[in-house]
Every structure is written in structure tokens, then in C-alpha cells.
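Enquirer: I'll drop the sequence and a predicted model, then ask my questions.
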Amino acid sequence: MKCAAACDSDIMMELNGKTANAKRLFAVMGLCAKQNDEVKFTITGSNEEADCAKLKEFCEQNF
């Protein structure tokens, strides 16, 4: 969540038809993601490509 909060773009997460703002802890927790779940990220904004690269790097290093 800290990685998403540092981004200028809007970042949404989707799991099993539910969406959550990746910058809001309780929204992310509400997705109830578990190990090996596939989560989809949607990134929109003026800096979306750079923010996508940051988020991708974070996920690769931490998950």
C-alpha cells in the first residue's frame, strides 16, 4: 500500500469481481486476497507508465 500511496496515478485492484482503491488499507483488506490469488491492477493517470513500473518492481520483489 505504501508503494501505491507514493504514486500520482489512481490504482485500483480487482479480485473475484470486487475492486478496491490500492491506496486505502481497509479497501485492500476487504478484497480478502490470499496467497496464490491473481490480483489485477488498473492504473490511470498522467504518470501511469512510471507508476506501473514502480508497482511491478515492488510486486516482483515482495510477492
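Expert: That came through fine. Numbering: from 1, shown residues only.
Enquirer: Roughly how far does residue 19 sit from residue 60?
Expert: 23 Å (Cβ to Cβ, to the nearest Å). Heads up, the C-betas are built off the backbone N, CA and C, glycines and all.
Enquirer: Helices along the protein, start to end?
Expert: 2-5, 25-30, 48-62 (DSSP state H).
Enquirer: Looking at those helices, spot the one closest to residue 38.
Expert: helix 48-62 (11.7 Å; Cβ to Cβ).
Enquirer: List the contacts of the closest one.
Expert: 3-4, 6-9, 11, 41, 43, 45 (Cβ atoms under 8 Å, 6 or more residues apart in numbering).
Enquirer: Near residue 9, how many other residues are there?
Expert: 21 (other Cβ atoms under 10 Å).
Enquirer: who's in contact with the residue nearest to it when sequence neighbours are not counted?
Expert: Of all residues not flanking residue 9 in the chain, residue 45 sits nearest, at 3.0 Å (Cβ to Cβ, 6 or more residues apart in numbering). Residues counted as contacts of residue 45 (Cβ under 8 Å, 6+ apart) are 7-10, 51.
Enquirer: Give me the buried entries from those.
Expert: The neighbour-count criterion (16 or more other Cβ atoms under 10 Å) marks 7, 9, 51 among the contacts of residue 45 as buried.
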